[in-house]
Every structure is written in C-alpha cells, then in structure tokens.
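quick one, what's the 3D model for this:
(chains A and B)
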Amino acid sequence: DSGVTQTPKHLITATGQRVTLRCSPRSGDLSVYWYQQSLDQGLQFLIQYYNGEERAKGNILERFSAQQFPDLHSELNLSSLELGDSALYFCASSVASGQGDTGELFFGEGSRLTVL
Amino acid sequence: GQSLEQPSEVTAVEGAIVQINCTYQTSGFYGLSWYQQHDGGAPTFLSYNGLDGLEETGRFSSFLSRSDSYGYLLLQELQMKDSASYFCAEAAGNKLTFGGGTRVLVKP
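Numbers count the residues shown, from 1 in each chain, chains lettered A, B, ... in the order given. You can find the predicted model right below:
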C-alpha cells in the first residue's frame, strides 16, 4: 500500500461524457502527478501540482484539466470523452517539488476508464 | 517521440542476470529512476541515480553515466516474481518522464 488513494477504481462511460478522477496523496506529500497509461503503453505524464499550484505540464489535452485543493487532494477532469481516452489513469505523490529530488514517486492503484 | 529509449522485451531463465539499458536525451537532466510494474498493478520505485556510478539494492543494481547519457538496471538471480515491466524515468525540470518500458519474462 503506497498510501496514495485513487477513486473510482473502475469507471465505464460513453463518448461525449465528462468524468472526474480523484486522488488523495500520501500524508505529508505536497506534490501530485497525473499519468495516463494506455493498453501496453508507457506512462504518459499529464500534469503536476505542488502545494496547490500547477508546477509542470506534459501532453495533457485541452479537454482535460486538473486542480489540487487546499487539503492537497487532486482531481483530474476529463471531458468530451473519446474512445481513445480509455486508459488507466495513475496519480502519484512525492514530498518534493520535483526539482532535484530522488525521482521517487508513490503511485496509487489507478483508475481504469473505459469509454464506450 | 520518446526522449528515453529502452528495449521493449527481454526473456531470461530463473537464476540468470538481465541488464536493461536506457538512453536519454533531455537537457536539464537531474537523474534517472527505475520503476517496476506488474501486470494490472501500480508502478513501484526501485532505484535512483543522481550521480555517475552504481547503486546496489539487494538483487537489483542501477548504473548511470551522464557523459554517455546512459543508464542500466541490472537484475540478478532472477526469480519468477521478477516477471514485470521495468521503466526508466528521467527527472528533468519539474517532470519525471518515463520510457516505454521493458517487459521482462522469466522462464523456469
């Protein structure tokens, strides 16, 4: 158990819909990262927040948005869903901001999104 | 395209040694991490190299050469439970960017 909690674990929805994925980081971790992993693919970095502020952005589509709240939990919003958005979405957390840290992220178990 | 390159698949027998190479190209590089991911599971941290040289953690070791923009993960005394995907990840700027992963299949 990494200490990172993601909900929901599984989600099935239709094209054009909107969903929200939630992540609670490990106690004491200020950074939250979101990654997308499609079937048999690597982990694509989407976005990082540190203590409520956006810190780094990856290949995140305009239809996707995220935020980190004062209690440090984070939400990833996916809208106008397409079939290709079906994937496992991981949240990870770390103590540091990302610069010069050990690269050790603690991953949640992921939210599996299926778009039909 | 990927700024990190690693082989897609490696097969070995129990007890053998496997080396997974990883090359990177990003400027502003801080260090190289390695993660293990079993099918259906979450990635878990294995090691980090911020400086050149070898880091050893039990049966797993990781190496970095900044001058060659290259690192590797060494899996020794392979066990069946080591069958998994292994990802190198580069820390650069505020991002941790993952390679495409190497699927390691351990056979009896």
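
for stretch B:70-88, what is the average pLDDT?
Stretch B:70-88 shows an average pLDDT of 97 in the prediction.

ends of it, what's the gap?
Terminal residues of stretch B:70-88 lie 11 Å apart, using C-alpha to C-alpha, to the nearest Å.

show me which residues of that stretch are buried.
Along stretch B:70-88, these residues count as buried under the neighbour rule (16 or more other C-beta atoms under 10 Å in any protein chain shown): B:71, B:72, B:73, B:75, B:78, B:82, B:83, B:84, B:85, B:86, B:87, B:88. Heads up, the C-betas are built off the backbone N, CA and C, glycines and all.

same question for stretch A:2-12.
Burial within stretch A:2-12, assessed by neighbour count using 16+ other C-beta under 10 Å, is assigned to A:2, A:4, A:5, A:6, A:11.

quick check, nearest of the residues you listed to chain B?
Set against chain B, the nearest of the buried residues of stretch A:2-12 by C-beta to the nearest C-beta is residue A:2 (6.6 Å).

excluding its backbone neighbours, what's nearest the closest one?
Excluding the flanking residues, the one nearest residue A:2 by C-beta to C-beta, 6 or more residues apart in numbering or on different chains is residue A:106, at 4.2 Å.

tell me the spacing between the one you found and residue B:94.
17 Å (C-beta to C-beta, to the nearest Å).

quick one: residues contacting the nearest residue to residue A:107 once chain neighbours are set aside.
Distance criterion C-beta to C-beta, 6+ apart; nearest residue to residue A:107, sequence neighbours excluded, is residue B:42 at 4.1 Å. When the contact criterion is C-beta atoms under 8 Å, 6 or more residues apart in numbering or on different chains, the partners of residue B:42 are A:2, A:90, A:107, A:108, A:109, A:110.

right, and the first one touches residue A:104 too?
In this case it means residue A:2. No - if you go by C-beta atoms under 8 Å, residue A:2 and residue A:104 don't touch, sitting 10.8 Å apart.
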